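Engineer: The following block contains a protein sequence and its predicted model.
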Amino acid sequence: MNSAKHIKVSIILPNYNHCAYLQERLDSIFNQSYQNFEVIILDDFSSDKSLNVLEPYRSHPKVSQFVANNRNSGSVFKQWITGITLAKGKYIWIAESDDYADFKFLEETVAFLESNTKYGMVFSDSFKVNDGGHITGQVSKSKPLLQALGQQSREITSDNCAAYLLEHLVIVNASSVLFRKESLFELNFEVLSQMHNAGDVFVYLGLALKSPIYYLPKPLNYMRLHNQNATKMNKRTGLLYVDQIKLLAHYFNSVFTPQNKPHIINFILGFYFLSIDYGYYQQLKELLKKIYQSGLFNKRFSTVSEFISFFYRTVLYKGRPYFMRARLKLLLKKAM
């Protein structure tokens, strides 16, 4: 294998119970047209037959680290952090174990970051595939905002990050991203380790606030959609919404600008009532307190939001009747 100082890309493969998809993922890694990389394999105490697939790669010349946990870490983002701290490369690709890639993914993304040093990361368009690997769509064709970004500046910056990363999330799959490693070490890993679902957005937003992100409008990534998808599961448990509260609380002072304000408002409205439904009112209350103290919202916001949250918690049951929740959301938005 190349000596550490010459490795350009560290490929982190974090796996948990994705035995059915691993071989296709591994093939798409080792057969990349760009070959200056190391592979860091991380298994988070899988209960399926994942290790049967992974073990033969332990001695592969490209595999620099093989870590099989003896208990589950509880968060894929803890695995991200482990991989990032072990990485020797200049760039990092977190190749999620249920996805796979075009064989030119690294060739094109590395070439871009090498030629454009101001960017902290680059991401590509993605095909959507089902359990069997059959293409069911293309992300840009289902997300008009992403399509528009590809036709405009292709940059996500501190001035427009709330539109592209909070109100709408246009980077829907971490496997589509190549990071500049030095940018990742500017993040707060302690907060990231506490995330269950929105850790990817935590990373993207943290990078966008420091240096621009570039969108490469080519479908070089294959994002697999299946019933065990982490985002789907975390919506069902409500962990997604408490993560969104943590995310905004951490970055609120940095991300709030006149350009970002309307998008931040819509982001808050997206999780406000759902976080109460799942029992995360205390976390929401702490965020609201931070918003009150900032002076960046209408002075009526404090009084109105406290009344609305009290009414919602005591009168409605998980948003029902739904027309009432819609009415409360409208009143809250006007107060902002």
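Structural biologist: It's in. Numbers count the residues shown, from 1 in each chain.
Engineer: The stretch 201-336 of the chain: helices as residue ranges?
Structural biologist: Assigned helices in the stretch 201-336 of the chain, in chain order: 230-237, 239-255, 261-277, 281-294, 300-315, 322-335 (criterion: DSSP state H, counting those that start in this stretch).
Engineer: who's in contact with the last one?
Structural biologist: Contacts of helix 322-335 with the rest of the structure, by Cβ atoms under 8 Å, 6 or more residues apart in numbering, involve 265, 269, 272-273, 298, 300-301, 304-305, 308, 311-312, 316, 319. In this view, the C-beta of every residue, glycine as well, is placed from N, C-alpha and C.
Engineer: Also the second one?
Structural biologist: Taking Cβ under 8 Å, 6+ apart as the criterion, the residues outside helix 239-255 that touch it are 158, 161-162, 166, 188, 191, 194-199, 201-202, 205-206, 209, 231, 234, 264, 267-268, 270-271, 274-275, 278, 280, 283-284, 286-287, 290-291, 294.
Engineer: ok, 6 Å please
Structural biologist: Contacting residues not belonging to helix 239-255 are listed as 162, 191, 195-198, 202, 205, 209, 234, 271, 274-275, 280, 283-284, 287 [Cβ atoms under 6 Å, 6 or more residues apart in numbering].
Engineer: can you pull the buried residues of it?
Structural biologist: By neighbour count on 16 or more other Cβ atoms under 10 Å, the buried set for helix 239-255 is 239-251, 255.
Engineer: Tell me the most packed of the contacts of helix 322-335, by neighbour count.
Structural biologist: Most neighbours among the contacts of helix 322-335, by other Cβ atoms under 10 Å: residue 272, with 24 neighbours.
Engineer: can you pull the pLDDT of it?
Structural biologist: On pLDDT, residue 272 comes in at 96.
Engineer: cool, and residue 235?
Structural biologist: 72.
Engineer: Quickly note the distance from it to residue 295.
Structural biologist: Separation of residue 235 from residue 295 (Cβ to Cβ, to the nearest Å) stands at 33 Å.
Engineer: Who has more neighbours out of those two?
Structural biologist: Taking neighbours as other Cβ under 10 Å, residue 235 and residue 295 compare with residue 235 leading, 15 against 7.
Engineer: Could you report the distance from that one to residue 128?
Structural biologist: 18 Å.
Engineer: what does residue 301 give?
Structural biologist: 38 Å.
Engineer: Neighbours of the nearest residue to residue 157 once chain neighbours are set aside, how many?
Structural biologist: Computed as Cβ to Cβ, 6 or more residues apart in numbering, the closest residue to residue 157 that is not its neighbour in sequence is residue 212, at 4.8 Å. Residue 212 has 20 neighbours, counted by other Cβ under 10 Å.
Engineer: Now tell me which of the helices of the stretch 201-336 of the chain the model trusts least on average.
Structural biologist: helix 230-237 (a mean of 68).
Engineer: what's the longest strand along the chain in contact with?
Structural biologist: For the chain, the longest strand by residue count, based on DSSP state E, is strand 213-224. Contacts with strand 213-224, where a contact means Cβ under 6 Å, 6+ apart, come from 98-102, 105, 119, 121-122, 124-129, 138, 149-150, 154, 156, 173, 175-176.
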